[in-house]
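**Student:** Got a predicted model here, sequence first, then my questions.
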Amino acid sequence: MAIDEKRPLPEAPHSLSLDGRGRLLVSGVTEVESFNEQEVIMGTSKGTLAVHGQGLHMEKLSVDSGDVVVTGSIDALEYEDPEPRGEGFFARLFR
């Protein structure tokens with residue numbers, strides 16, 4: 001195999017741990033897209049994760065390890081599956 005051939009990167013392990021609806025530990029985070037006191041949206045190795053609640057704060061964000069800790073009153077966790085390759089926003093819009 002030539003050095004310049006691209007191999008797929010291994011998928012980061014992803015897990016969630018919710019402690020009493022007040023503290024959420026998430027691993028496998030690839031990016032934090034947005035956050036405020038009512039919603040945190042982050043990209044994970046298993047799709048986009050939206051955390052909904054009240055008084056949400058990002059207590060920890062580690063880019064190197066992909067770990068995020070969210071505290072506050074957590075009401076809901078919602079996943080959006082990753083987009084299939086080759087099907088972007090406009091392809092879905094014009095179905």
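**Tutor:** Done, it's in. In this text the structure is predicted, and so the values were computed from the model without any measurement.

**Student:** Name the nearest residue to S34, sequence neighbours excluded.
**Tutor:** I41 (4.9 Å; Cβ to Cβ, 6 or more residues apart in numbering). Every residue, glycine included, has its C-beta placed from N, CA and C.

**Student:** which residues does that neighbour bridge with?
**Tutor:** The residues listed as beta-bridge partners of I41 by DSSP bridges are S34, A50.

**Student:** was I right about it contacting V32?
**Tutor:** Yes: using Cβ atoms under 8 Å, I41 and V32 qualify as a contacting pair, with a distance of 7.5 Å.

**Student:** Quickly note the distance from T71 to R23.
**Tutor:** Computed as Cβ to Cβ, to the nearest Å, the T71 to R23 distance reads 5 Å.

**Student:** wait, G55
**Tutor:** With the distance defined as Cβ to Cβ, G55 ends up 12 Å from R23.

**Student:** more neighbours, those two?
**Tutor:** For G55 against R23, the residue with the higher neighbour count under other Cβ atoms under 10 Å is R23, and the figures read 14 against 11.

**Student:** what helix or strand does V70 sit in?
**Tutor:** strand 67-80 (DSSP states H and E).

**Student:** what sits up against that strand?
**Tutor:** By Cβ atoms under 8 Å, 6 or more residues apart in numbering, the residues outside strand 67-80 that reach it are 16, 18, 21-27, 29, 32, 37, 40, 42, 46-62.

**Student:** Off-centre distance for stretch 61-74?
**Tutor:** With Cα atoms, centre = their mean, to the nearest Å as the basis, the distance from the averaged C-alpha position of stretch 61-74 to the chain average is 10 Å.

**Student:** Hmm, G47 and D81 touching each other?
**Tutor:** Yes: under the criterion of Cβ under 8 Å, D81 makes contact with G47 at 4.8 Å.

**Student:** When these two are compared, which one has more neighbours?
**Tutor:** When neighbours are counted by other Cβ under 10 Å, G47 comes out ahead of the other of D81 and G47, with 13 against 8.

**Student:** The more buried one and S27, how far apart?
**Tutor:** The gap separating G47 from S27 is 14 Å, by Cβ to Cβ.

**Student:** Nice, that's everything, thank you.
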